[in-house]
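> here is a sequence with its predicted model. Questions after.
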Amino acid sequence: MATPQSPFSFLDGLFERVAAGPQPPQWLVHEMQQRMVLFLNHVLMQEKEATDRLVRQKGCIARVQWRAYSMALVITPAGLFNLAPETAAPDLRLEVTESSPLTLAQAALRGDKPSIRIEGDVQLAAEINWLVDHVRWDVEEDLARVIGDAPAHTVAQVARRAAQALRQFVGARVAPSSFAAVPVPPMPAAPASGSDRAGA
């Protein structure tokens with residue numbers, strides 16, 4: 001009997017085709033990375049302890065890698081991030097080992113962290129791990145500055161409900177079909193009792 005496939009499995013194939021196609025120009029990649037750094041710094045500035053921790057690591061470089069994509073970040077004296085030169089030797093390497101974007105999306109919706117291979121400075125790794133565990137983007141607060149408190153609260157509630165519904169959908173539909181393809185090892189046989197051995 002054929003193994004049922006996830007209704008979203010075509011996304012993996014689509015990503016592979018896009019990744020194998022023409023690569024974006026370097027200026028566009030650099031611009032996207034700059035935007036990501038601005039966003040990260042915006043989130044960090046909302047949590048003073050985060051910047052205080054990063055100040056202790058100023059000048060250190062962390063390189064994040066996923067498949068062929070990478071970004072090197074240097075910690076500034078203000079406890080924020082900036083893009084590091086591509087040729088700079090990183091103090092810490094973080095490589096996301098899961099290559100499937102669909103599997104990464106499923107893990108994110110479940111609230112799981114992706115599998116990451118880490119090499120380099122242990123203290124810097126500990127500080128970045130703290131950031132991942134404790135720093136959160138306050139979407140509602142940012143929206144309130146633009147559209148006011150009450151509309152921002154409504155939008156945030158709708159977004160939370162949509163995210164919860166999406167997590168439940170993924171948990172109910174996608175996860176079981178992905179588990180179906182994983183072979184389950186047989187259970188070890190129970191040891192024979194004394195009476196069984198005697199009769200043998």
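Yep, that arrived. Values in this document were obtained by computation on a predicted structure and should not be read as measured data. Numbering: from 1, shown residues only.

> for Lys113, list the residues it contacts.
107, 132 (CB atoms under 8 Å, 6 or more residues apart in numbering). The way it works is simple: take the backbone N, C-alpha and C, and place the C-beta from them, glycine included.

> hang on, I meant Arg63
Arg63 touches 70-73, 84, 90, 92-94, counting by CB under 8 Å, 6+ apart.

> give me the buried entries from the residues you listed.
71-73, 84, 90, 92-94 (16 or more other CB atoms under 10 Å).

> strands - which of the contacts of Arg63 land there?
The strands, defined by DSSP state E, take in 70-73, 92-94 from these.

> what's the closest of these to Val122?
Val122 has its nearest neighbour among those in Leu92, at 8.9 Å by CB to CB.

> am I right that Asn82 sits in a strand?
Yes - under DSSP: H, G, I helix; E, B strand; the rest coil, Asn82 falls within a strand.

> tell me how far it lies from Leu102.
For Asn82, the distance to Leu102 (CB to CB, to the nearest Å) stands at 32 Å.

> those two: which is more packed in?
Leu102 (19 against 14; other CB atoms under 10 Å).

> wait, Ala88 touches Gly59, no?
No - using CB atoms under 8 Å, Ala88 is not in contact with Gly59, being 10.6 Å away.

> quick one: the helices in the protein?
10-20, 26-44, 48-55, 101-110, 122-134, 139-147, 149-169, 175-180, 194-199 (DSSP state H).

> might you report the residue contacts of the nearest residue to His30 once chain neighbours are set aside?
Nearest non-adjacent residue to His30, counting by CB to CB, 6 or more residues apart in numbering: Leu83, 7.7 Å away. Residues near Leu83 by CB under 8 Å, 6+ apart: 30, 33-34, 37, 71-74.

> what's the answer for Glu119, then?
So Glu119 contacts 92-93 (CB under 8 Å, 6+ apart).

> any weak-confidence spans in the protein?
1-21, 108-111, 139-140, 142-146, 151-153, 155-200 (pLDDT under 70).

> of the buried ones among the contacts of Arg63, closest to Pro25?
Of those, the one sitting nearest to Pro25 (CB to CB) turns out to be Met71, at 16.4 Å.

> my guess is the closest one contacts Gln34, does it?
No - the criterion here is CB under 8 Å, and Met71 misses it with Gln34 at 10.3 Å.

> wait, doesn't Leu92 sit right on Val64?
No - at 9.3 Å, Leu92 does not count as touching Val64 under the criterion of CB under 8 Å.

> give the buried residues for stretch 99-119.
Applying 16+ other CB under 10 Å to stretch 99-119 flags 100-104, 106-107, 109, 116 as buried.

> dump the residues you listed to CSV, plus distance to Glu141.
Formatted as CSV, the buried residues of stretch 99-119 follow (distance: CB to CB, whole Å):
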residue, distance to Glu141
Ser100, 34
Pro101, 29
Leu102, 31
Thr103, 32
Leu104, 27
Gln106, 29
Ala107, 27
Leu109, 23
Ile116, 29
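
> which among the residues you listed gets closest to Arg53?
Nearest to Arg53 among the buried residues of stretch 99-119, with distances taken as CB to CB, is Ile116, at 19.1 Å.
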